[in-house]
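Sequence and predicted structure are below.
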Amino acid sequence: MQRYFLSKLGQSILLLFGVLLLVFFMVRVTGDPASLMISREASPEAVEAFREKMGFNDPILTQFGRFLSGAVVGDFGNSLHFKSPAMQMVMERVPATVQLAGTALLMAAVVGIPLGLIGGFNPGSAMDNLGRGLALLGQSIPNFWLALILILIFAVRLGWFPSFGRDEWKSVVMPAFVLGLPTMGQIVRLTRSTVLEIRGEDFIRTAHSKGLEPRTIYVKHVLRNVAIPLVSVIGVQFGYMLGGSIYIETIFSWPGMGQLVEQSVGWRDFPLVQAVAFFVSLVVLLLNLLTDVAYAIIDPRIRYGK
């Protein structure tokens with residue numbers, strides 16, 4: 001188990017180094033970074049002074065070394081728009097994004113897992129058809145279109161939920177549902193297919209032939225095996241929700257990292273974009289690492305020594 005964990009940790013560190021390379025070069029592949037960051041109306045003298053201030057005249061390896069040493073301690077410089085540390089601004093937006101992603105994942109799991117289990121145990125039933133329909137909708141409806149429809153119906157027409165902001169508990173319902181619907185559909189499909197597959201395995205038939213109670217079989221054999229792929233999906237999807245909520249946060253004016261990315265790109269505030277990209281990548285890698293470890297703990301078939 002220790003070797004398995006160290007192997008996954010080493011892979012995560014290499015991936016993080018690759019992320020830092022991409023984050024460093026993403027403002028340099030399109031041309032002069034000083035020209036991209038400073039106002040278009042700036043004079044050539046102002047551009048040159050800004051380039052010297054930001055260190056863009058130094059050799060590229062010197063710039064990358066300085067960037068890498070700063071990234072290790074979370075220092076990406078000051079935001080060009082807000083004139084404050086970029087990583088500090090990102091950390092101020094983290095609670096809102098975690099709240100949105102956590103609520104979305106909770107909705108997806110609470111609805112998706114029971115529907116998938118019912119569909120797997122009772123294929124062709126009314127609840128199975130409901131779950132399959134929900135899975136189809138979750139995988140096919142564009143989330144930005146659904147967000148606008150929900151705002152029109154439940155905020156404008158019915159007035160049940162606020163259409164923007166983060167004030168009361170009601171404000172998180174619609175954006176969380178929109179963000180979690182694709183994951184909900186994926187969980188329904190995965191749970192259902194896993195249950196159907198496990199029910200036909202030899203060890204399930206053997207358990208029935210030994211006279212074990214159906215409840216014992218479902219809890220100790222079926223549900224435990226269903227949990228294995230669900231852990232992987234839920235861990236990965238939570239990371240995607242943290243980094244992929246730009247449209248949802250923008251539509252609902254949710255003050256999280258997604259909205260911050262949208263604003264910083266419009267302002268050409270690249271230190272802020274770099275800080276968000278690095279932080280989200282770091283969280284996703286950590287979640288994937290924890291998911292791999294949890295998968296190894298749950299599934300005894302994994303050879304920890306390799």
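Thanks, I have the structure now.

which helices and strands does the host helix or strand of Gln139 pack with?
Element membership of Gln139, judged by DSSP states H and E, is helix 126-140. Identification of packing neighbours for helix 126-140 by 3 or more CB pairs under 8 Å, 6 or more residues apart in numbering; DSSP states H and E yields helix 86-121, helix 173-199. In short, each C-beta sits where N, CA and C put it, glycine included.

That one: which residues count as buried?
Across helix 126-140, burial judged by 16 or more other CB atoms under 10 Å covers 128, 131-132, 134-135, 138.

my guess is Val156 meets Phe164, correct?
No - using CB atoms under 8 Å as the test, Val156 is too far from Phe164 to be in contact (11.6 Å).

The two: who's more crowded?
For Val156 against Phe164, the residue with the higher neighbour count under other CB atoms under 10 Å is Phe164, and the figures read 14 against 10.

Ignoring the adjacent residues along the chain, who's closest to that one?
Ser253 (3.7 Å; CB to CB, 6 or more residues apart in numbering).

my read is the one you found is in a strand, agree?
No - membership of Ser253 in a strand is not supported by DSSP: H, G, I helix; E, B strand; the rest coil, which gives coil.

how far away is it from Ala147?
Separation of Ser253 from Ala147 (CB to CB, to the nearest Å) stands at 11 Å.

Which one of those two is surrounded by more residues?
Under the neighbour definition other CB under 10 Å, Ser253 and Ala147 were set side by side, and Ala147 has more, 21 against 14.

after the helix or strand in which Ile248 is found, next one along is what?
When secondary structure is defined using DSSP H and E, the element that contains Ile248 is helix 246-251. Elements were assigned by DSSP H and E; along the chain past helix 246-251, the next helix or strand is helix 257-266.

Which other helices and strands does the next helix or strand after that following helix contact?
For helix 257-266, the following helix or strand on the C-terminal side (DSSP H and E) is helix 270-298. Helix 270-298 makes packing contacts with helix 2-25, helix 33-37, helix 86-121, helix 223-243, helix 257-266 when contacts are defined by 3+ CB pairs under 8 Å, 6+ apart.

Turn those helices into CSV, including distance to Val73, mean pLDDT and mean neighbour count.
Shown next, in CSV, are the helices and strands packed on helix 270-298 (distance: least, CB to CB, whole Å; pLDDT from 0 to 100; neighbours: other CB atoms under 10 Å):
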stretch, distance to Val73, mean pLDDT, mean neighbour count
helix 2-25, 13, 81, 14
helix 33-37, 22, 70, 18
helix 86-121, 9, 90, 20
helix 223-243, 22, 81, 19
helix 257-266, 20, 81, 21
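
All set, thanks.
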